[in-house]
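Visitor: Fold the following and give me the result.
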Amino acid sequence: MIGKMAATFLCAAIYTAVRYILFGDVEVTHLPAFLMNKSVAMTAVIFLCFAGLAHRRGDSDGVARWGTAAWCAALLHTLLSLSLLGDAYYPKLFGEELMNLSGELTVLFGALAMCCFWLLARLHRERSHLRAMQVLACVCVAAHLVGMGILGWLNVGGWHSGLPPISLISFLFAVLALVLFLGEGRKEPG
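Guide: Okay, here's the model as predicted:
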């Protein structure tokens, strides 16, 4: 699992660097926090998708491990985002002085998603609320990404060298995770 986690993060980091440094206008000096934050965020959603795949296989231990990995990555993303939060890094989220509606929704659904991730990490063995929390986590992550990126998704001409925004790719993984969690998993033997 560690190898899959590292490979997932490495792929996300390479895509981020190629899109934003090689084909975009972000300086290499912003790699340690701003760009790695994007990589970590996408990694968290992919880990959530892996948890969904484990759910479909009926692997509750896999769901717990990937869910915990998703929570840890989402926590790191939250900490990095809070340290960078401002109109210099995220101008789309701000009006003249305060956050705009997109920014407010992005923060709200990001916070709700973090609550869901935290509850998933605590409830992974308690079956009664697990499915609802998995679905709710996917919905909150998807809403967080829509609030942040939909205007950029619709402006295909603005994509760096035609490479889709990380928020759009992450949204697609969140939707896939939602579909996986909504489906019935195989029953565990025993």
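Visitor: can I assume Trp183 is in contact with Arg57?
Guide: Quick fix: residue 183 is Gly, not Trp. No. Contact criterion Cβ atoms under 8 Å: Gly183 and Arg57 do not qualify, at 11.1 Å. Just so you know, the C-beta spots here come from the backbone N, C-alpha and C atoms, and that holds for glycine as well.
Visitor: Which of these two has more residues huddled nearby?
Guide: Neighbour totals were compared for Gly183 and Arg57, and Arg57 leads with 14 against 10 (other Cβ atoms under 10 Å).
Visitor: Flag the shaky bits of the protein, pLDDT-wise.
Guide: Applying pLDDT under 70 to the predicted model, the residue ranges of the chain that meet it are 123-128, 185-190.
Visitor: In three-state terms, label the spatially most central residue of it for me.
Guide: If you average the C-alpha coordinates of the chain and look for the closest C-alpha using Cα atoms, centre = their mean, you land on Val45, 3.6 Å from that point. At Val45, secondary structure determined by DSSP: H, G, I helix; E, B strand; the rest coil is helix.
Visitor: quick one: it from Met148, how far?
Guide: 12 Å (Cβ to Cβ, to the nearest Å).
Visitor: What's the biggest helix in the chain, counting residues?
Guide: Of all the elements of type helix in the chain, the one with the most residues (DSSP state H) is helix 127-154.
Visitor: Flag every buried residue along that helix.
Guide: Neighbour counts over helix 127-154 (16 or more other Cβ atoms under 10 Å) mark 130, 133-134, 136-149, 152-153 as buried.
Visitor: next structured bit after it?
Guide: Scanning forward in sequence from helix 127-154, with DSSP states H and E defining helices and strands, the next element found is helix 166-182.
Visitor: how many degrees apart are that following helix and helix 127-154 in direction?
Guide: When axes from the mean of the first three to the mean of the last three Cα atoms, to 10 degrees is applied, the directions of helix 166-182 and helix 127-154 differ by 150 degrees.
Visitor: Who are the packing partners of helix 166-182?
Guide: In terms of contacts (3 or more Cβ pairs under 8 Å, 6 or more residues apart in numbering; DSSP states H and E), helix 166-182 is packed against helix 2-17, helix 36-57, helix 127-154.
Visitor: Let me have the ones you listed in TSV, extended by distance to Cys72.
Guide: Listed next are the helices and strands packed on helix 166-182 as TSV, based on distance: least, Cβ to Cβ, whole Å:
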stretch	distance to Cys72
helix 2-17	10
helix 36-57	8
helix 127-154	14
